[in-house]
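J.: pasting the sequence and the predicted coordinates here, then a few questions.
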Amino acid sequence: RLAYRQHVHVHQDLHDTASVRIQALPQGMEFEIRHLGYAPNVTDIDDFLVKKLKFRRHVIGKSIQKRDLVYYEFHSSDEHGRQELSSAVNGTDVNTVLLLSLAHGNEPMSLFSLLTTLAIWIDQSRQDFITINGLRSQRQRHTTKPFRIIAFPVVNIDGYIQNINVGSGSRRKNLRFNECVRGRVDGVDLNRNYPFKDGGFFHENLTDVCDFNFPGKHYFSEPETSAVRDIVSRYNVTAALSFHSLRSVNRGQPLLIHPYADESASLDTLSLAKYKRLGRQLNSQGQYKYGLAKDVIGYSAQGVSIDWLQSKNITSLILEAVPPCENRWCFQKEVFDSAHIYGLTGVNFIHLAIGGAGVIASNRWNMTRPLLFLIVLLISTMLLKRRKIAPWKSSKRQV
């Protein structure tokens, strides 16, 4: 009971400090999310995103067990569900926010956090389209550029479906067969299967194919992580948020983790400053534990998605939600209230990514501003010198 009261207190703090621009979901949308149930099947997820939220559906590959790997796309030109894209806004020229969940098949709290993020965003956009000349949402007014949201909600589809079928959240890894003996688990931990910035794949201590965190035999060895790679290659992804969930409410506060999860790496000065700015915006009241993995969760890891994304100059975070039960696989009704809170954080992240007044900015832009300042200073100095010389030349001519 004490743990649950602490959990509710943390979520109340999150709710009290949420952006005033973002309101609660309307009853209809809230009903749709609750109607999905805690562990919805992939068909219901697809219907919700395509029919209710009007996202476009794309198949990017096949899983180990040959299931479709599906991501969903929303473009800022999609007012009121309109789904035409002109050639001018299609391709890699549009800033894109990437949202991921269920990299681990036993974390449906991550799925609901992502779905709630999208539901809140779409609902508020529709309201703002109506009130602001029918054209642009309140958040979009901060930028004149088009943007895109890509959601890959069920990364580990095989592991997730197996958990649904057995009615418990015991399956974390994907379903690659590694010939493990009884009592040990096959599969690859998909959030350990990414390369680092130099293309390296360092897992000297994780060569046991039956290990709980087995990272695979080489980076991008799994079709699920290859799908994430292909999405990033296909679009101009500038920011990414990956939803996960902790084991139980007893773990305390939810977490926001920024790169690098690998403690052998460190951010450059400009990137570190960027993540500090982002932390001040998303965690202004200290609702989350925010920082490096080794500091907020107590361990470091290699092959994690956010490290690879950061190496590609993509601003990336992991949000570790806290389920309102003693297990990642919850059935309490409080799941939906909890997901709503993390959805608010997700929406604020999107807002900052598409027009947050420089909060999420590429390092290239951060380097350009000082250079522009120096150029302006040089030109100003030259103009001042000319103004000082001009009267002297003028008086000499008069003599």
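T.: Received the coordinates, thanks.
J.: contacts only, for residue 304.
T.: By C-beta atoms under 8 Å, 6 or more residues apart in numbering, the residues touching residue 304 are 191, 192, 194, 261, 262, 293, 318. Heads up, the C-betas are built off the backbone N, CA and C, glycines and all.
J.: which one is the first one nearest to, not counting chain neighbours?
T.: I take that to be residue 191. Spatial nearest neighbour of residue 191, excluding adjacent residues (C-beta to C-beta, 6 or more residues apart in numbering): residue 103 at 4.7 Å.
J.: equivalent analysis for the last one, please.
T.: Distances taken as C-beta to C-beta, 6+ apart place residue 257 nearest to residue 318, at 4.2 Å, with adjacent residues excluded.
J.: how about the second one?
T.: Leaving out its chain neighbours, the residue that sits closest to residue 192 by C-beta to C-beta, 6+ apart is residue 215, at 3.6 Å.
J.: among the contacts of residue 304, which are located in helices?
T.: Residues of the contacts of residue 304 located in helices (DSSP state H): residue 293.
J.: can you show me the strands along the stretch 201-350 of the chain?
T.: 236-245, 255-257, 289-291, 315-321 (DSSP state E, counting those that start in this stretch).
J.: helices or strands up against the longest one?
T.: Spelled out, it's strand 236-245. strand 95-100, helix 108-131, helix 305-311, strand 315-321, helix 334-355 (3 or more C-beta pairs under 8 Å, 6 or more residues apart in numbering; DSSP states H and E).
J.: what's the farthest-apart pair in the contacts of residue 304?
T.: Within the contacts of residue 304, 194 and 293 form the most distant pair, 14.0 Å apart (C-beta to C-beta).
J.: picking up where we left off before, and for the residue nearest to residue 318, the neighbour number?
T.: Close neighbours of residue 257, defined as other C-beta atoms under 10 Å, add up to 26.
J.: which residues touch it?
T.: With C-beta under 8 Å, 6+ apart, residue 257 has these contacts: 290, 291, 292, 293, 296, 297, 306, 317, 318, 320.
J.: try residue 175
T.: Residue 175 makes contact with 63, 64, 65, 158, 159, 162, 186, 187 under the criterion C-beta under 8 Å, 6+ apart.
J.: which of those residues sits closest to residue 57?
T.: Nearest to residue 57 among the contacts of residue 175, counting by C-beta to C-beta, is residue 63 at 16.1 Å.
J.: tell me which of the helices and strands packed on strand 236-245 sits nearest to residue 149.
T.: Of all the helices and strands packed on strand 236-245, it is strand 95-100 that lies closest to residue 149, at 5.2 Å by C-beta to C-beta.
J.: now the closest one against helix 334-355, angle please.
T.: Relative orientation of strand 95-100 with respect to helix 334-355: 160 degrees, computed using axes from the mean of the first three to the mean of the last three C-alpha atoms, to 10 degrees.
J.: what strands flank strand 95-100, and is each parallel or antiparallel?
T.: With DSSP bridges as the test, strand 95-100 is paired with strand 147-152 (parallel), strand 236-245 (parallel).
J.: what residues does it touch?
T.: The contact list for strand 95-100 (C-beta under 8 Å, 6+ apart) reads 114, 117-118, 145-153, 155, 228, 231-232, 235-243, 305, 314, 346, 349-350, 353-354.
J.: change it to 7 Å
T.: By C-beta atoms under 7 Å, 6 or more residues apart in numbering, the residues outside strand 95-100 that reach it are 114, 117, 145, 147-152, 155, 228, 231, 235-243, 305, 346, 350, 353-354.
J.: can you tell me which of these are buried?
T.: Buried residues within the contacts of strand 95-100, counting neighbours by 16 or more other C-beta atoms under 10 Å: 114, 117, 147-152, 155, 228, 231, 235, 237-243, 305, 346, 350, 353-354.
J.: so what's the nearest residue to residue 150 once chain neighbours are set aside bridging to?
T.: Spatially, and ignoring its direct neighbours in sequence, residue 150 is nearest to residue 98 (5.0 Å; C-beta to C-beta, 6+ apart). Beta-bridge pairing for residue 98 (DSSP bridges): residue 150, residue 240.
J.: how close does residue 98 get to residue 227?
T.: 12 Å (C-beta to C-beta, to the nearest Å).
J.: what's the answer for residue 37, then?
T.: Noted for residue 37: a distance of 25 Å to residue 227, by C-beta to C-beta.
J.: ditto for residue 244
T.: Distance from residue 244 to residue 227, counting by C-beta to C-beta: 18 Å.
J.: now the helices for the protein?
T.: Per DSSP H, the chain carries helices over the ranges 2-16, 27-36, 42-47, 108-131, 157-166, 223-234, 269-282, 293-296, 305-311, 334-355, 363-398.
J.: centre of the chain to the third one, how far?
T.: To tie it back to what came earlier, the one meant is helix 42-47. 21 Å (C-alpha atoms, centre = their mean, to the nearest Å).
J.: likewise stretch 174-181?
T.: 29 Å.
J.: pull out the buried positions in it.
T.: Across stretch 174-181, burial judged by 16+ other C-beta under 10 Å covers 174, 175, 176, 178.
J.: kindly state the pLDDT recorded for the spatially closest residue to the second one that is not a sequence neighbour?
T.: So that's residue 175. Leaving aside its chain neighbours, residue 175 sits nearest to residue 158 (4.1 Å; criterion: C-beta to C-beta, 6+ apart). What the model reports as pLDDT for residue 158 is 97.
J.: how about the contacts made by residue 158?
T.: 63, 64, 65, 67, 174, 175.
J.: can you pull the contacts of the fifth one?
T.: Listed by C-beta under 7 Å, 6+ apart, the contact set of residue 174 reads 64, 156, 158, 159, 187, 188, 190, 222, 224.
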